[in-house]
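> coordinates only, sequence not included:
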C-alpha cells in the first residue's frame, strides 16, 4: 500500500465541477492499493498517519498530530501511485490492485481513520476527479508498506 500525505490548509475534490468532498486544515491522502495488501497494512498506516507529528506546537516545532490540532482528512484513491515507468513512455499499472479489491480496501481504510476519531471526506473510487489543495509548508510524506 502506498500513501502520499500532504499537510494542507484546505482541500477539496470535485467530479464534473461538483464538490464531493472538502476539508479545512489537515491532510490530503493519495491512496494506492495493491492486491497483496491486507488489513495489517491498513492498520499500520492508520496508526502511522494518526500519530504522525507534523503540525507545529507553540514553539513552532512540528510536534503535534492531526488529532491534537482537530485536523481533517481528504482521502483520494490513486491507483497511479503504482505506475511502472521502467519500459517505454506509457506507464503500466499492473501492480495496482484489482478495482473491486482496491475499492473494498480503500473504503475500509477510510472507515478505520474515522473509527480513530478523524473526520474523513473522500472522492469517488474510480472517478475522474479534480483535487485542489493549499499545501501547508509544504509538508509531503510518502508511506510505502513495502518499506515499513
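Good, I have the coordinates. What you see is a predicted model, and the numbers here were worked out from it, not measured in a lab.

> any idea how far the residue nearest the centre of the chain lies from residue 17?
In the chain, the residue lying closest to the centroid (Cα atoms, centre = their mean) is residue 29, at 1.9 Å. Distance of residue 29 to residue 17, given as Cβ to Cβ, to the nearest Å: 23 Å. Every C-beta, even on glycine, is put in place using the N, C-alpha and C of the backbone.

> Give me the neighbour count for residue 16.
Neighbour count of residue 16, defined by other Cβ atoms under 10 Å: 9.

> for residue 11, same thing?
Other residues within reach of residue 11, judged by other Cβ under 10 Å, total 25.

> Over to residue 125?
18.

> close enough to count as contact, it and residue 106?
Yes. Using Cβ atoms under 8 Å, residue 125 is in contact with residue 106, at 5.7 Å.

> joint contacts of those two?
Jointly contacting residue 125 and residue 106 under the rule Cβ atoms under 8 Å, 6 or more residues apart in numbering are residue 77.

> Can you show me the strands along the protein?
Ranges of strands in the chain, per DSSP state E, are 2-15, 18-23, 26-32, 55-56, 62-64, 72-77, 119-122, 130-144.

> Out of the ones you listed, which gets nearest to residue 48?
Nearest of the strands of the chain to residue 48, taken as Cβ to Cβ: strand 130-144 at 6.2 Å.
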